Structure formats: structure tokens, C-alpha cells
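Participant: fold the following for me, if possible:
(one chain, ligands or ions: 4)
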Amino acid sequence: MQSSLLFFQAYQWLASKLLLWYKEHGISNLTGVQGAVNIQGEDQKKLDVVSNEVFSNCLKSSGRTGIIASEEEDVPVAVEESYSGNYIVVFDPLDGSSNIDAAVSTGSIFGIYSPNDECLAEIEDDSTLDKVEQRCVINVCQPGSNLLAAGYCMYSSSVIFVLTIGKGVFSFTLDPMYGEFVLTQESIQIPKSGKIYSFNEGNYQLWDDKLKKYIDDLKDPGPSGKPYSARYIGSLVGDFHRTLLYGGIYGYPRDKKSKNGKLRLLYECAPMSFIAEQAGGKGSDGHQRVLDIKPEEIHQRVPLYIGSVEEVEKLEKFLA
Ligand code: AHG
Ligand code: MN
Ligand code: MN
Ligand code: MN
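Facilitator: Numbers count the residues shown, from 1 in each chain. Ligands and ions are numbered 1, 2, ... in the order given. Presented below is the predicted three-dimensional model:
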């Protein structure tokens, strides 16, 4: 799948450049805020902007990509005709960016949809731009069940690239010596159950009663005498990667303040749910399969419960 290989190249290039930068400049110029607010209403971090530029430029110059939709772009961007391929690529260039200054794991998430040349009309002049943009939004807003590939790269104690192209989940680890990603795990399977739950319980008072009952149940030692363990680092990629390997459930519920939760369907929830399902797990909004939800707009938020199939189904029973 060319576009996934393209992401390999982007990561390889990005990782080698960042490693070089760290060596030469240290990270002093890469932390902190950019001084702008993105369409999500978040204070953009410098690395939000840098990573968005790196991935956008790499995707645009690849000759494979027709449209890109990013957390850090207000609207989808149609790649200019001379460079454009057809694939539609959605991505969160830097996930967990509130953790950068504390050097806690962060990551990047992407999803690749089938080519759709309907949208790649010539952009003759501004008057057609709106029509092209409108067609781009329509073509980008596809349900996750259409995904051809999805993956993430986690920047942690090691740099780990996880990929699915619909035939299982594979992980690759960056060997900094050679600047290459090497295959480290094939056909990853999420354990069917796991006694780890990953929620921001600071929002507990804002959750509805059924969810509170579920969380209280996890804390009850029960006959085994052992309650669930809580693990939460505030980076979806890091919390999801632990769930993928150890089992358990990650959740970002809706609450009284955010009626659709916080995470974005197109470039966070759907790609992660595709990976979860490919690894024998589940991704749900509490009532339905995330991959069945068709986005109405590119930054649409949905509640997300993802991880071991038995844990997600237990949650869904409490919310029924
Ligand atoms: P992003 O940094 O791409 O905006 O995503 C942050 C998300 C996700 O990574 C994480 O699980 C969640 O925000 C943490 O939110 P809270 O700080 O509200 O728990
Ligand atoms: Mn953000
Ligand atoms: Mn994110
Ligand atoms: Mn982000």
C-alpha cells in the first residue's frame, strides 16, 4: 500500500531529522506554545505546527495523495493537480501535545481512504475553490469502515510505528543506529479482557449515572479481591498502545461540558478503532461501532471506548 510506505518514509525522515535536531540544538526551540489557537480552540504547541508541516509537505510531494485533512487544518486541503495522486489521508500530526514539555509519550495518528478523483477537479479560479473544498469535505467524511490503512507512531522510550492495512496489526521499532524501522511484532492480538481502565476521572462528576455505576463497579474488589488498575497519561496514542498490548479499556466519554466527548472521529477514533478491530478488539461510542459512524464534518467529536472486546462489551451493557 503505497501511502502506508509513504508514512514510513515520512516517519523515517521526521525521526532522523528530529534526532539530528536534538543532537545539534537540543529541544529548547521545540517546546512551548506557538501562540496560535487551532480550529479545535486549543493552544497550538510549536510541535503541533512543525509536525503538521512535515507530514503535509511529505504527503503533498509524494504524488500519491489527493486530499489531506489534519487536526491542525481548518478545512481539507486538495493537493495541487501537478503533484496529486488520489488517496485521501486524514491525520493528527501530534497527539497528546499537552505532554510535550514534560517529555511524556506523544504520537501521530493517520488513516488512509480509497482514492476518489471526483474531488480533484482543476482549481481554475477562486469561484471553483468553494465547490472543490465542498467536494473534498464530502469525500473526506467517510465512515471508518472504508479505511484502507491506519496507523500511529508513538514517540516514547522507543519510537514505535503500528500499522494495519486490513490484514492484521504489525509494529515496527525505530533503530536509531540506522534510522530504519524494523519489524518487531506481527499479527498483534489485544487480550480478550484486561483489568486496566484508562479514563480521565477528573471528569467523573460530569458523567451520566450509568457511566458512574460502571466506573464504581471497576473499583469494587469483588470475589477476586482485586479491583481494576487505573492508568492514564493523557496521550491517546500511549494509552491505546498499552491497551493494545496489555488489554483493558480506554475511554473518553461525553460529559455535561462536552456533549460529544473530546476525541475527533475522523483522525483519532476511526483509525484507532480500525486497528483495535484488526487486533481482535473493539471500538465503540458506547452504543455503536465507531467504524459505522459517518462524519458530518471533519472535526466532529464522538465518545470513544476502545480495547479488549469483553471490556468494551461490559461497558456497553452498563450504558444500555
Ligand atoms: P491532541 O493532543 O491531538 O489534541 O489529543 C489530545 C487528546 C488525547 O491524546 C488524550 O487522550 C486526551 O486529549 C487527553 O484529554 P484530557 O487532557 O482532557 O484528559
Ligand atoms: Mn490538539
Ligand atoms: Mn489527538
Ligand atoms: Mn493533535
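
Participant: flag every residue of the chain that's near ligand 3.
Facilitator: Applying C-beta under 5 Å from the ion, one finds that the chain approaches ligand 3 through 92, 95. Placement of C-beta: from N, CA and C, glycine included.

Participant: how about the contacts made by residue 170?
Facilitator: In this structure, residue 170 makes contact with 162-164, 183, 185-188, judged by C-beta atoms under 8 Å, 6 or more residues apart in numbering.

Participant: any figure for the gap between the closest residue to ligand 3 within the stretch 1-150 of the chain and residue 45?
Facilitator: Among all residues of the stretch 1-150 of the chain, residue 95 sits closest to ligand 3, at 3.4 Å; criterion: C-beta to the ion. Noted for residue 95: a distance of 11 Å to residue 45, by C-beta to C-beta, to the nearest Å.

Participant: who has more neighbours out of those two?
Facilitator: Higher neighbour count among residue 95 and residue 45: residue 95, with 28 against 23, using other C-beta atoms under 10 Å.

Participant: who touches the residue in the stretch 101-250 of the chain that ligand 3 sits nearest to in this structure?
Facilitator: Across the stretch 101-250 of the chain, the shortest distance to ligand 3 (C-beta to the ion) belongs to residue 236, at 5.4 Å. Neighbouring residues of residue 236 by C-beta under 8 Å, 6+ apart: 95-96, 107, 109, 250, 252, 263, 268, 272.

Participant: tell me how many other residues surround residue 61.
Facilitator: Neighbours of residue 61 under the rule other C-beta under 10 Å: 12.

Participant: nope, residue 289 is what I was after
Facilitator: 15.

Participant: now it. Nearest residue, chain neighbours left out?
Facilitator: Taking C-beta to C-beta, 6 or more residues apart in numbering, and ignoring the residues beside it in sequence, residue 289 has residue 283 as its nearest neighbour in space, at 7.0 Å.

Participant: pLDDT score assigned to the one you found?
Facilitator: Residue 283 carries a pLDDT value of 98.

Participant: now the element after the worst-scoring helix or strand of the chain on mean pLDDT, going C-ward?
Facilitator: The helix or strand of the chain with the poorest confidence is helix 2-25; it has a mean of 56 (mean pLDDT, DSSP states H and E). The C-terminal neighbour of helix 2-25 among helices and strands, as given by DSSP states H and E, is strand 33-37.

Participant: that following strand pairs with which strands?
Facilitator: As defined by DSSP bridges, the strand partners of strand 33-37 come to strand 43-45 (antiparallel).

Participant: do the strand it pairs with and ligand 4 meet?
Facilitator: No: Strand 43-45 lies apart from ligand 4 when judged by C-beta under 5 Å from the ion; the minimum separation is 8.8 Å.

Participant: can you name the next helix or strand after that strand?
Facilitator: The first helix or strand that comes after strand 43-45 along the chain, using DSSP H and E, is helix 46-60.

Participant: adjacent strands (with direction) for the following helix or strand past that next one?
Facilitator: Beyond helix 46-60 on the C-terminal side, the first helix or strand identified by DSSP H and E is strand 65-70. When pairs are called by DSSP bridges, strand 65-70 turns out to pair with strand 77-78 (antiparallel), strand 87-95 (parallel).

Participant: could I get those in a markdown table, plus columns for distance to residue 40?
Facilitator: Rendered in a markdown table, the data for the strands paired with strand 65-70 read as follows (distance: least, C-beta to C-beta, whole Å):
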| stretch | distance to residue 40 |
| --- | --- |
| strand 77-78 | 17 |
| strand 87-95 | 10 |
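
Participant: and among those, the most buried is which?
Facilitator: For these, ranked by mean neighbour count under the definition mean count of other C-beta atoms under 10 Å, the leader is strand 87-95 at a mean of 28.

Participant: what would that one look like as CSV? C-alpha coordinates only.
Facilitator: As requested, the backbone C-alpha atoms of strand 87-95 are provided in CSV (Å, rounded to 0.1, in the frame of the first residue of the first chain):
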residue,chain,number,x,y,z
TYR,A,87,-5.5,8.8,-1.8
ILE,A,88,-7.3,10.7,0.9
VAL,A,89,-5.2,11.0,4.1
VAL,A,90,-6.5,12.1,7.5
PHE,A,91,-4.1,12.6,10.4
ASP,A,92,-3.5,14.0,13.8
PRO,A,93,0.1,15.1,13.4
LEU,A,94,0.9,15.3,17.1
ASP,A,95,-1.4,13.6,19.6
